[in-house]
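*Asks:* the amino acid sequence is not available; the structure is as follows:
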């Protein structure tokens, strides 16, 4: 089911966290991987850790820059797999969300996914095979207080996923989403730091508060998200299309 041998995958936001875990899983599965993110130095450092593991290249990319996306996708060549993982989150009650911050959340999380997918899908359809996996969030499936802009953007990602799954269903291309709950990444570390700064609670208490949403009472691990993505990217997952796969220990059913 998870056969990705010889396929060319591009992973945005591939330098750290979930993106790096996904890239490593694809590499170990035999795919050729292109890592894309804004920080070229971080990408190169990450790729250096995988020497001998497989074919990996890095490319600097701001997914919100339309011209840069067009240029990079033309340069990297035909893709079989696109994983839209690049994203960002900010926390504020609604009255304190500025229009600029609202636009930033939409640009990074939703418009970036749209631009990259728009660049990759026509070639996949022409060749009769493709896998697009959008890394959304349980915030695409439910609401969370104080992250209205992020929730709105991730709900948009899920809507885009479902629309394109139908649009390309007869062309050998699948479009799916994975929706992780709170995951052990730098984004969660930042949330923990913000909780401790505002409430005076310990870091352990803050982590426990975030993990309490998960019935397993723990943070999801990046490798667990990567395993789900690897399955959706495989040749054998051809009938899995338009799904929102929650990786959340049962938080969302």
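*Replies:* Noted; the coordinates are in hand. Just so it is clear, the structure is predicted and the values come from calculations on it, not from any experiment.

*Asks:* can you map out the helices along the stretch 101-250 of the chain?
*Replies:* Taking DSSP state H, counting those that start in this stretch as the test, the helices found in the stretch 101-250 of the chain are 112-127, 148-167, 186-199, 203-211, 222-233.

*Asks:* centre of the chain to stretch 49-58, how far?
*Replies:* Centroid separation between stretch 49-58 and its chain, computed with CA atoms, centre = their mean, to the nearest Å, is 20 Å.

*Asks:* gap between the residue lying closest to residue 164 once chain neighbours are set aside and residue 236?
*Replies:* Distances taken as CB to CB, 6 or more residues apart in numbering put residue 175 closest to residue 164, at 4.4 Å, once the chain neighbours are dropped. Using the backbone N, CA and C atoms, a C-beta is placed for each residue, glycine as well. In this view, residue 175 and residue 236 are 17 Å apart by CB to CB, to the nearest Å.

*Asks:* over to residue 195?
*Replies:* Residue 195 is 41 Å from residue 236, by CB to CB.

*Asks:* neighbour count winner among the two?
*Replies:* Per other CB atoms under 10 Å, whichever of residue 195 and residue 236 has more neighbours is residue 195, with 19 against 11.

*Asks:* host element of residue 70?
*Replies:* Counting by DSSP states H and E, the element that carries residue 70 is helix 66-76.

*Asks:* mind listing what's buried along that helix?
*Replies:* Across helix 66-76, burial judged by 16 or more other CB atoms under 10 Å covers 68-69, 72-73, 76.

*Asks:* burial measure for the closest residue to residue 8 other than its chain neighbours, as a count.
*Replies:* Leaving aside its sequence neighbours, residue 8 sits nearest to residue 32 (CB to CB, 6+ apart; 4.8 Å). Applying other CB under 10 Å, we find 20 residues neighbouring residue 32.

*Asks:* and residue 32, how far is that from residue 53?
*Replies:* Distance from residue 32 to residue 53, counting by CB to CB: 11 Å.

*Asks:* again with residue 24
*Replies:* Note on residue 24: its distance to residue 53, by CB to CB, is 7 Å.

*Asks:* quick one, which of the two is more surrounded?
*Replies:* Neighbour count, other CB under 10 Å: between residue 24 and residue 53, residue 24 has more, with 23 against 13.

*Asks:* so that one, which state does it fall into?
*Replies:* Secondary structure, DSSP: H, G, I helix; E, B strand; the rest coil: residue 24 is helix.

*Asks:* make sure it is actually in contact with residue 50.
*Replies:* Yes - with contact defined as CB atoms under 8 Å, residue 24 and residue 50 form a contacting pair (6.6 Å).

*Asks:* need the longest strand for the protein.
*Replies:* strand 173-180 (DSSP state E).

*Asks:* any idea which of the helices of the stretch 101-250 of the chain is most buried?
*Replies:* Across the helices of the stretch 101-250 of the chain, averaging neighbours per residue (mean count of other CB atoms under 10 Å) puts helix 222-233 on top, at a mean of 22.

*Asks:* elements contacting that one?
*Replies:* In this structure, helix 222-233 makes packing contacts with helix 17-28, strand 81-84, strand 130-135, strand 173-180, strand 244-247, judged by 3 or more CB pairs under 8 Å, 6 or more residues apart in numbering; DSSP states H and E.

*Asks:* make it 7 Å
*Replies:* helix 17-28, strand 130-135, strand 173-180, strand 244-247 (3 or more CB pairs under 7 Å, 6 or more residues apart in numbering; DSSP states H and E).
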